[in-house]
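# Based on what follows, work out the 3D shape:
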Amino acid sequence: MSRTSMIKCGLSLMVVCLVCWFFPLFHIRPLDGRRAESRYLAATPRQSGSADPVAYVREFWDGPLKAGDVGTDIAQLWNAFDADATGARSQYGRQAGLGGAWYFCVRGQGNVQTVEKDRVVLTVTGSSRNVCLELGVVVDNTVREAIGVKASGFANSQDFNAVSSELNRRAEQRVIASNRAIMKEGVVVDFVGCAKIGGKSDLDPLCLIPIQLQARASEEGNAGLNKEAPAGATP
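Next up is the predicted model:
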């Protein structure tokens, strides 16, 4: 092959490569199974640029959480795990790093069965399964991971960790502390909570860090509620 022919072949190959680069023949898209996951994770505040941790948490608390746009129905999650645990994790959960734990944000309603020092156990309405609401000190990153906060939205790891601390502080002060006294046997509770699920043994009871609670008086628990204000309303 002559030198001229080699140059022409080389130029042709470069042109083909450039065309494929700017106009690819195919695109890689996520499977449909991931759409349900993004449905509630997308409800978290948008993170454009470097977000302020306190402002971010306030926006989430006063926006998606208050509007009821956060959390998978707990019965739906249980049914998904019964059918396919791996699929349930990928569809409804959030994994912290490659090979890390899976976190979930769920909502539901239950009747308080037992009251302990730092938690209450509820039987979920329409189910024989239970959840436990953790009412102690919140120390880990479960809430942050479960609602889908992304590290890329913050200037550094300190701000990212500060989001976790602020979420935990709000859960302790605005949810746990303000509702602890009215968590009595027989009280019906609407809840939104965050959980870390390792295996099926973690599903019943499913232990949650509550980020929203609304207690209602049943006939058995009515006497224990303060009637001067809406029971258990989360600020």
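# CA only for contacts and neighbour counts going forward, please
Noted.
# quick one, phi psi at Gly71?
Backbone torsions of Gly71, given as degrees, to the nearest 10, read phi 110, psi 140.
# right, I mislabeled it, should have said Asp204
Dihedral angles for Asp204 - degrees, to the nearest 10 - are phi -140, psi 100.
# measure it to Pro210 for me?
16 Å (Cα to Cα, to the nearest Å).
# residue ranges of the helices in this structure, please?
3-22, 35-41, 53-60, 66-67, 74-83, 85-92, 142-146, 157-170, 177-179 (DSSP state H).
# Which of those has the lowest mean pLDDT?
Sorting the helices of the chain by mean pLDDT places helix 35-41 lowest, at a mean of 43.
# hmm, who's touching stretch 96-115?
70-75, 77, 89, 92-95, 120-125, 142, 145-147, 183-198 (Cα atoms under 8 Å, 6 or more residues apart in numbering).
# just stretch 203-219 next, same as before
Outside stretch 203-219, the residues that touch it by Cα under 8 Å, 6+ apart are 65, 78, 121, 129-135, 138, 142-143, 170-171, 175-176, 179, 182-183, 186-195, 197, 225, 231-234.
# Flag every buried residue along it.
Residues of stretch 203-219 classed as buried: 203, 206-217 (neighbour count, 16 or more other Cα atoms under 10 Å).
# Restricted to strands, list the residues you listed.
Leu206, Cys207, Leu208, Ile209, Pro210, Ile211, Gln212, Leu213, Gln214, Ala215, Arg216 (DSSP state E).
# Closest to Pro53 out of those residues?
Ile211 (17.1 Å; Cα to Cα).
# pull the longest strand from this protein.
strand 102-115.
# Pull out the buried residues from that strand.
102-113, 115.
# gap between it and the chain center?
Computed by Cα atoms, centre = their mean, to the nearest Å, the chain-centroid distance of strand 102-115 equals 13 Å.
# Which pLDDT value goes with Pro45?
60.
# Counting neighbours, what do you get for Lys83?
In this structure residue 83 is Ala, not Lys. Residue neighbour count, defined by other Cα atoms under 10 Å, stands at 11 for Ala83.
# ok, now how distant is it from Lys200?
12 Å.
# residues contacting Pro53?
Asp159, Phe160, Ala162, Val163, Glu166.
# out of those, who's nearest Arg58?
Glu166 (9.1 Å).
# And for that closest one, the neighbour number?
By other Cα under 10 Å, neighbour count at Glu166 equals 18.
# in terms of contact, does it touch Val54 like I think?
Yes: if you go by Cα atoms under 8 Å, Glu166 and Val54 touch, sitting 6.5 Å apart.
# thinking again about what came up before, can you put the buried residues of strand 102-115 in JSON lines and add distance to Ala151?
Listed next are these as JSON lines, based on distance: Cα to Cα, whole Å:
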{"residue": "Trp102", "distance to Ala151": "16"}
{"residue": "Tyr103", "distance to Ala151": "16"}
{"residue": "Phe104", "distance to Ala151": "18"}
{"residue": "Cys105", "distance to Ala151": "18"}
{"residue": "Val106", "distance to Ala151": "22"}
{"residue": "Arg107", "distance to Ala151": "25"}
{"residue": "Gly108", "distance to Ala151": "28"}
{"residue": "Gln109", "distance to Ala151": "32"}
{"residue": "Gly110", "distance to Ala151": "34"}
{"residue": "Asn111", "distance to Ala151": "37"}
{"residue": "Val112", "distance to Ala151": "36"}
{"residue": "Gln113", "distance to Ala151": "38"}
{"residue": "Val115", "distance to Ala151": "37"}
